[in-house]
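A.B. asks: I need the structure of the sequence given here:
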Amino acid sequence: MLRYTVLRLGIFAGCFLALWGLVYAGVLPRGLGDSNLLWVLVLAVVVSAPLSFVLLRGQRDEMSAEIVEKVDRAKGRLEANRSQEDAL
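C.D. replies: Okay, the predicted model is just below:
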């Protein structure tokens, strides 16, 4: 899960830096007044979300499989505990 989070933050940071450069190069509008940082942050979120969805599909699938496995083990332990209590 940590790997997925770090990769997702990396994609966001890359998008932020690229968009920051485009704004200061004049390719993208600067925003209104002092809202430049907020404008670039919003654009970075909007651009990085679909990129993360596509580029990190494999890591997301691996992470969800690990979570399902852990939940199944926890359910098995819980069921084992319940059956022990009923046997007493």
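
A.B. asks: contact partners of stretch 65-76?
C.D. replies: The contact list for stretch 65-76 (CB atoms under 8 Å, 6 or more residues apart in numbering) reads residue 1. The way it works is simple: take the backbone N, C-alpha and C, and place the C-beta from them, glycine included.

A.B. asks: tell me the buried residues in that stretch?
C.D. replies: If you call a residue buried by 16 or more other CB atoms under 10 Å, then stretch 65-76 has no buried ones at all.

A.B. asks: what mean pLDDT does the lengthiest helix in the chain have?
C.D. replies: Longest helix in the chain, counting residues (DSSP state H): helix 57-87. Helix 57-87 comes out with an average pLDDT of 86.

A.B. asks: roughly how far is it from the heart of the chain?
C.D. replies: Helix 57-87 sits 23 Å away from the centroid of its parent chain (CA atoms, centre = their mean, to the nearest Å).

A.B. asks: what of stretch 22-33?
C.D. replies: Worked out by CA atoms, centre = their mean, stretch 22-33 lies 27 Å from the chain centre.

A.B. asks: may I see the buried residues of that stretch?
C.D. replies: Those would be residue 23, for stretch 22-33 by 16+ other CB under 10 Å.

A.B. asks: and it, average pLDDT?
C.D. replies: For stretch 22-33, the mean pLDDT works out to 79.

A.B. asks: residue 43: neighbour count?
C.D. replies: 19 (other CB atoms under 10 Å).

A.B. asks: next: residue 48.
C.D. replies: 22.

A.B. asks: quick one: residues contacting it.
C.D. replies: Neighbour list for residue 48: 8, 11, 12, 14, 15, 16 [criterion: CB under 8 Å, 6+ apart].
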